[in-house]
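Trainee: Give me coordinates for this.
(chains A and B)
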Amino acid sequence: MKHVTAPRGTFDVLPPESAEWQELERVIDEVCTRFGYQEIRTPIFESTDVFVKPIGEGTDIVDKEMYTFTDRGGRSITLRPELTAPVVRAVLEHNLLQTLPLKLYYRGPIFRYERPQKGRYRQAHQWGVECFGAAGPEADAEIIALGIEVMKAIGITDYRLEINSLGCDACRHTYREALVGFLRNNADRLSETSRERLERNPLRILDSKEQRDIDLLNLAPTMDAFLCQACQEHFATLRTLLERMGIRALHNPHIVRGLDYYTRTVFEISSTALGAQNSVCGGGRYDGLVKSMGGPPTAGVGLAMGMDRMLMLARSAKGGEAHNGRPRVDVVFVALDEASALTLVPVMHAVRARHISADMDYTRRHIDKQLRAAGDSGARYAVIVGEDERHSAEATIQDLATRERSRIALEGVVGELAVRLRT
RNA sequence: GUGAAUGUAGCUCAGUUGGUUAGAGCGUCGGUCUGUGGCACCGAAGGCCGGGGGUUCAAGUCCCCUCAUUCACCCCA
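Mentor: As a prediction, this is how the structure comes out:
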């Protein structure tokens, strides 16, 4: 094994697994479109500034996880670690906020320099949606519903949706003071890492996994008591809407999210099937983000889902299927000699032109082997031509499930297959 | 970035207290069957035992380093 290998934390997607990715991408496109979102594609890399301010200094992503380098022109460039900030950048650059509300979705790779683990990669893949210009809770509800719709469509049923409100700038600030005050007084009961966070990013302590932190937090003041009237109403209406849409959401006052730009609604979807990396989806409202990036004050809500993790969940829900590594087509053409192959190639081309999937084994091996491979691959029909058929301008069509054979004129093959496969 | 476990054929894994030429099942390819599959039987290809160094008469096996994966922490998708 002296080959060059894929870089740490990256992976190749090979067939037949690549088909699962195509299916997931198709579902994302379909559902987002159905909900009135349009796709946006932004560059894989951006100016480093795009991420530093919006995500926030002091967050792990900015402090130690970004792939940042200087290009030949001396510019600081970063491989995108998430997509909300690049989307906002593009929206402002092209003045898309002229027509509100603006509803966009995206999917693609993101990069974070982390120690790899199951469900955590240096090149990961996310899809997500962003809705700009809608301040009301209907937008929050729509986005959560959209996320769940996508999960349902690929067969994920075992998950947990948790929501919380962080309040607006005003009420969050008062809460923050209260929380910090309380934690300072009890600093000796906090874990070491949380004591450090007390100065840099105190809200993050809320979702600590340390038992001693959890115990202490049960006594700490909670956000609910500090929400202003408007924030309270927003959150209450969101919960009512979700309930009326048949979406069960648990209120977890300890959800805070890792990025600085969230306001009011935050939510997370997780599954125990993923081990320690149990979060599949995260999102929330970021009413201050657009303005902080130099745009007009604009409300925004969004969500991001990890495609790698979704596929892991979809797989564990389905269970493994056996494949023999061959492409799956409906019709397999079998030529018994060179002349037959030359006769069959144009016929196969015509079949493919009729949107019927077809393939032919060009190795010209023994008919036994060809039929066996055809059967294993899951094909429905074999079209066989050898010396006999060629002399009478015919082909043998065999139903691979029933083994029934019949001979028909070569020129009738396309029509016959079209009819048989339609049922 | 911290701690731990594991790396043997394309895949899943055996390989004893160090001891001839490193094995099995599945898969792949060929044959039994000069033109009709899934079964069966026979055969073949495929390995610097993750990489490097060391101990030893002798290393897949013991020691050190390194790379990768997995698990937990951290963090998040």
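
Trainee: List the contacts of stretch A:231-249.
Mentor: Stretch A:231-249 is contacted from outside by A:136-138, A:140-141, A:144-145, A:148, A:161-163, A:165, A:167-168, A:171, A:227, A:251, A:264-265, A:267, using Cβ atoms under 8 Å, 6 or more residues apart in numbering. To be clear about C-beta, it is placed using only N, CA and C from the backbone, and glycine gets the same treatment.

Trainee: now, which of those lie within strands?
Mentor: A:161-163, A:165, A:251, A:264-265, A:267 (DSSP state E).

Trainee: Residue A:58: what's its closest spatial neighbour, skipping adjacent residues?
Mentor: Distance criterion Cβ to Cβ, 6 or more residues apart in numbering; nearest residue to residue A:58, sequence neighbours excluded, is residue A:200 at 4.6 Å.

Trainee: quick one: low-confidence ranges for chain A?
Mentor: Under the criterion of pLDDT under 70, the regions of chain A flagged as low confidence span A:1-3, A:258-259, A:316-325, A:423.

Trainee: residues in contact with residue A:375?
Mentor: Contacts of residue A:375 by Cβ under 8 Å, 6+ apart are residue A:400.

Trainee: And what about residue A:204, helix, strand or coil?
Mentor: The three-state label for residue A:204, taken from DSSP: H, G, I helix; E, B strand; the rest coil, comes out as helix.

Trainee: That one contacts residue A:256, doesn't it?
Mentor: Yes. The pair residue A:204 and residue A:256 passes the contact test of Cβ atoms under 8 Å, sitting 6.1 Å apart.

Trainee: These two: which is more packed in?
Mentor: Applying other Cβ atoms under 10 Å to residue A:204 and residue A:256 shows that residue A:256 carries more neighbours, namely 21 against 18.

Trainee: Can you tell me, leaving aside adjacent residues, what's nearest to the most centrally placed residue in chain A?
Mentor: Residue closest to the mean C-alpha point of chain A, counted by Cα atoms, centre = their mean, is residue A:307 at 3.0 Å. Closest residue to residue A:307 apart from its sequence neighbours, by Cβ to Cβ, 6+ apart: residue A:125 at 4.0 Å.

Trainee: Next, residue A:355: secondary structure please.
Mentor: coil.

Trainee: how close does the residue nearest to the centre of chain A sit to residue A:101?
Mentor: Distance of residue A:307 to residue A:101, computed by Cβ to Cβ, to the nearest Å: 25 Å.

Trainee: Next: residue A:393.
Mentor: 63 Å.

Trainee: So the two - more neighbours on which side?
Mentor: residue A:101 (15 against 11).

Trainee: which ones are touching the more buried one?
Mentor: Neighbouring residues of residue A:101 by Cβ under 8 Å, 6+ apart: A:131-134, A:139.

Trainee: from the middle of its chain, how far away would the helix or strand containing residue A:376 be?
Mentor: Of the helices and strands defined by DSSP states H and E, residue A:376 is found in helix A:367-377. Its chain's C-alpha centre and that of helix A:367-377 lie 37 Å apart, by Cα atoms, centre = their mean, to the nearest Å.

Trainee: That helix vs RNA strand B: in contact?
Mentor: Yes. Applying Cβ under 7 Å from any atom of the strand, one finds that helix A:367-377 is in contact with RNA strand B at A:367-369, A:371-376.

Trainee: Over to stretch A:144-162?
Mentor: No. Judged by Cβ under 7 Å from any atom of the strand, stretch A:144-162 stays clear of RNA strand B, getting no closer than 10.2 Å.

Trainee: which residues are contacting that stretch?
Mentor: Outside of stretch A:144-162, the residues that reach it under the criterion Cβ under 8 Å, 6+ apart are A:23-24, A:27-28, A:30-32, A:35, A:37, A:127, A:129, A:163, A:242, A:245, A:247-252, A:255, A:267-273, A:280-281, A:283, A:303, A:305, A:310, A:313-314, A:317-318.

Trainee: tell me what the strand or helix carrying residue A:310 is packed against?
Mentor: Secondary structure assignment for residue A:310, by DSSP H and E: helix A:307-318. Under the contact criterion of 3 or more Cβ pairs under 8 Å, 6 or more residues apart in numbering; DSSP states H and E, helix A:307-318 touches helix A:17-34, strand A:123-132, strand A:279-285.

Trainee: Is RNA strand B within reach of the shortest one?
Mentor: If I follow you right, that is strand A:279-285. Yes. Strand A:279-285 is in contact with RNA strand B by Cβ under 7 Å from any atom of the strand, via A:279-282.

Trainee: between those residues, which is nearest residue A:414?
Mentor: For the residues of strand A:279-285 next to RNA strand B, the residue nearest residue A:414 by Cβ to Cβ is residue A:280; the value is 45.2 Å.

Trainee: Let me know whether that closest one touches residue A:305 as I believe.
Mentor: Yes. Applying Cβ under 8 Å as the test, residue A:280 and residue A:305 come out as touching, 6.0 Å apart.

Trainee: Quickly list what's touching both of those two.
Mentor: Taking Cβ under 8 Å, 6+ apart as the contact rule, residue A:280 and residue A:305 both touch A:151, A:269.

Trainee: Between these two, point out the one with more neighbours.
Mentor: residue A:280 (26 against 22).

Trainee: need the contact list for the more buried one.
Mentor: Applying Cβ under 8 Å, 6+ apart, one finds that residue A:280 lies in contact with A:151, A:156, A:159, A:269-271, A:274, A:305-306, A:309-310, A:313.

Trainee: Just name the closest of those to RNA strand B, please.
Mentor: residue A:306 (2.5 Å; Cβ to the nearest atom of the strand).

Trainee: What is the burial count for residue A:192?
Mentor: The number of residues near residue A:192, taken as other Cβ under 10 Å, comes to 8.

Trainee: Check residue A:132 too.
Mentor: What residue A:132 shows, counting by other Cβ under 10 Å, is a neighbour count of 25.
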